[in-house]
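>>> model this:
(one chain, ligands or ions: 1)
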Amino acid sequence: MGSAKPTQLEILKILKENEGSFVSGVGLAEKLGISRPGVWKHINRLKEMGYEIQSQSRLGYRLVAVPDSLAHEEIVPNLKTQWLAHSYHYLRTIGSTNDHALLLAVEGAPHGTLVVAEEQTKGRGRLRREWISYPNRGIYLSILLRNPLPVRVAPQSAYIGSLALVKMLHEEFGITASIKWPNDVLINGRKAAGILTETQSDQDFSRFSVMGIGINVNHSREEMAGPFRYPATSIAIEVGFAVKRQRVLLQFLSQFERDYDHFLQKGLSVMIPEFEAHSEVLGKIITVVCGDREIMGKAQGFTPEGALLLLREDGLQETVWAGDVSHVEGAV
Ligand code: BTN
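Numbers count the residues shown, from 1 in each chain. Purely as a prediction, here's the structure:
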């Protein structure tokens, strides 16, 4: 797979407009001002990219199926967003989409720039962990956010990412997912997505943030049995069939844009009830690792800024600003 050239995009457009019917090779050649062998060459390239195109002498070409690629041509024309992902960077393979987005940010890429890859070779998770990124299975993306926000507030976009994903999974796929504070998305108690937000700030305000999210979409049980710190799953495992990553990506982007705009207008505090409604940990006994401390207690709620309120075993309440929930009572 890879991005299509302009003539190939034109051919695709015509084939899609005539979905289900044959389009003559002569007609295509005339419309595009190229030779018939030229058409044939481009059709072959499209086939290599995963498009299923039937060729029949005298009838021409018919588009039978499109690949589940996240390439520009399959996503950008279908975007329903106002500002998100209009600057769209698609990569077949990359070290880390976050690293690439950080680079683009420094070069002046606009607010809402999206970097998405079919594969990452150096995917990064929180706390310097590795994010295993199997090719063509998951969605590995990073969003560049340029609103200057107080340094304490900027990382809160990660909360918006997990909330948006949980809401979208429910609306689009009927999946009940939950948020394991601070921003892992779980399905049936297993991790299906993780978020890594990285912010560059001046003294008081952020210059930009990159919100990176990895979503396990079509991973098999064997792939998800791998060496993960927390039990892992994928959307396909949970629903029992492969899902179109294109649909997951497009719907996620629409939901994220809505929720992020809401967050900018009203702040995170008004979204905390929603966050609590989808929380995996609320009311449960959990263990949180904070640096070299391990705190056990009951998750009582969240502050307006998204910090965790933990009632410790000694009866004192602690506000935990950052950490990693390593165990949830009754977890798989
Ligand atoms: C975590 O759960 O620890 C966070 C995982 C974040 C992974 C995503 S995949 C896309 C983006 N690029 C990266 O290198 N990391 C994030």
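>>> give the contact list for whatever residue of the chain ends up closest to the ligand.
Distances between the chain and the ligand by C-beta to the nearest ligand atom are smallest at G194, namely 2.0 Å. All C-beta atoms are positioned from the backbone trio N, CA, C, and that covers glycine. By C-beta atoms under 8 Å, 6 or more residues apart in numbering, the contact list for G194 reads 125-126, 131, 183-185, 213-214.
>>> What about the ligand: which of the residues you listed touch it?
Subset of those in contact with the ligand: 125-126, 131, 184, 213-214, counting by C-beta under 6 Å from any ligand atom.
>>> Drop anything exposed from those.
125-126, 131, 184, 213-214 (16 or more other C-beta atoms under 10 Å).
>>> Report the lowest-confidence entry in the residues you listed.
The member of those with the lowest pLDDT is R126, at 92.
>>> So what does that residue have for phi and psi?
Backbone torsions of R126, given as degrees, to the nearest 10, read phi -70, psi 160.
>>> Which residues are in contact with it?
Here R126 is in contact with 194-196, 324 (C-beta under 8 Å, 6+ apart).
>>> nearest spatial neighbour of L104, skipping sequence neighbours?
Excluding the flanking residues, the one nearest L104 by C-beta to C-beta, 6 or more residues apart in numbering is T113, at 5.8 Å.
>>> you'd agree the one you found is up against I143?
Yes: between T113 and I143 a contact is recorded at 7.4 Å, counting by C-beta atoms under 8 Å.
>>> between those two, what contacts are shared?
Contacts common to T113 and I143, judged by C-beta under 8 Å, 6+ apart, are 85, 101.
>>> Tell me which of those two has more neighbours.
The neighbour comparison of T113 against I143 (other C-beta atoms under 10 Å) goes to I143, with 27 against 24.
>>> got the phi/psi numbers for the closest residue to that one other than its chain neighbours?
Of all residues not flanking I143 in the chain, M211 sits nearest, at 4.9 Å (C-beta to C-beta, 6+ apart). Main-chain torsions, M211, degrees, to the nearest 10: phi -100, psi 110.
>>> Please report how far M211 lies from A236.
24 Å (C-beta to C-beta, to the nearest Å).
>>> More neighbours: these two, which one.
M211 (25 against 19).
>>> mind listing the strands in the protein by residue range?
Using DSSP state E, the strands found in the chain span residues 52-56, 60-65, 88-94, 114-120, 139-145, 177-180, 184-187, 190-201, 206-215, 285-290, 293-302, 308-312, 317-320, 324-328.
>>> S21 is nearest to which of those strands?
With C-beta to C-beta as the criterion, S21 lies closest to strand 60-65 of those, at 6.5 Å.
>>> which residues are in contact with that closest one?
12, 15-16, 18-28, 39, 43, 51-56.
>>> Could you do stretch 281-295 as well?
Contacts with stretch 281-295, where a contact means C-beta under 8 Å, 6+ apart, come from 180-181, 276, 296-301, 308, 310, 312, 318, 320, 322-330.
>>> Residue numbers of this structure in contact with the ligand?
Counting by C-beta under 6 Å from any ligand atom, the chain sits next to the ligand at 96-98, 120, 123-126, 129, 131, 140-142, 184, 194-196, 212-214.
>>> can I assume E198 is in contact with S206?
No: with contact defined as C-beta under 8 Å, E198 does not count as touching S206 (10.5 Å).
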